[in-house]
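1. What follows is a predicted protein model with its sequence.
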Amino acid sequence: MTTKNVYIEAMKTQLDELNANMNKLDAKAKEAKADARDAYLEEMRKLRHQSKLAGVKLDELKEASQDNWDSMVKEADKVREAFVHSFNYFKSQV
């Protein structure tokens, strides 16, 4: 398996895990009191947006040529890291 394929598969696995965990947090947020629920749901909306951006970057990586692979990886890493950081912060607040 090429380095590109290994990287793409690892990123996909991580995003799938984060999305599954977001679904669990979403259920927990819906059980919260009304005032807290609105704040949780807003944060979940932001996390879903970041998840979507990370998914777009993953799709772009799949199509990347060898010539622009390194720059695409750097961009994808930034988006993924932002998503992971936001998710972990939100999770710590719930």
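-> On my side now, so go ahead. In this text, all values refer to a predicted model and were calculated from it rather than measured experimentally.
2. where do the helices sit along this protein?
-> Applying DSSP state H to the chain gives helices spanning 3-30, 34-63, 69-93.
3. want to throw those into TSV with mean neighbour count?
-> C-betas here are computed from N, CA, C, even on glycine. Formatted as TSV, these follow (neighbours: other C-beta atoms under 10 Å):
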stretch	mean neighbour count
helix 3-30	14
helix 34-63	14
helix 69-93	14
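4. And the residue lying closest to A29 once chain neighbours are set aside, how close does it get to L25?
-> Distances taken as C-beta to C-beta, 6 or more residues apart in numbering place Y40 nearest to A29, at 3.3 Å, with adjacent residues excluded. Distance of Y40 to L25, computed by C-beta to C-beta, to the nearest Å: 8 Å.
5. residues shared between the contacts of the two?
-> When contacts are counted by C-beta atoms under 8 Å, 6 or more residues apart in numbering, the set common to Y40 and L25 consists of V94.
6. export the helices of the chain to TSV and tack on mean pLDDT?
-> Below are the helices of the chain laid out as TSV (pLDDT from 0 to 100):
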stretch	mean pLDDT
helix 3-30	87
helix 34-63	87
helix 69-93	87
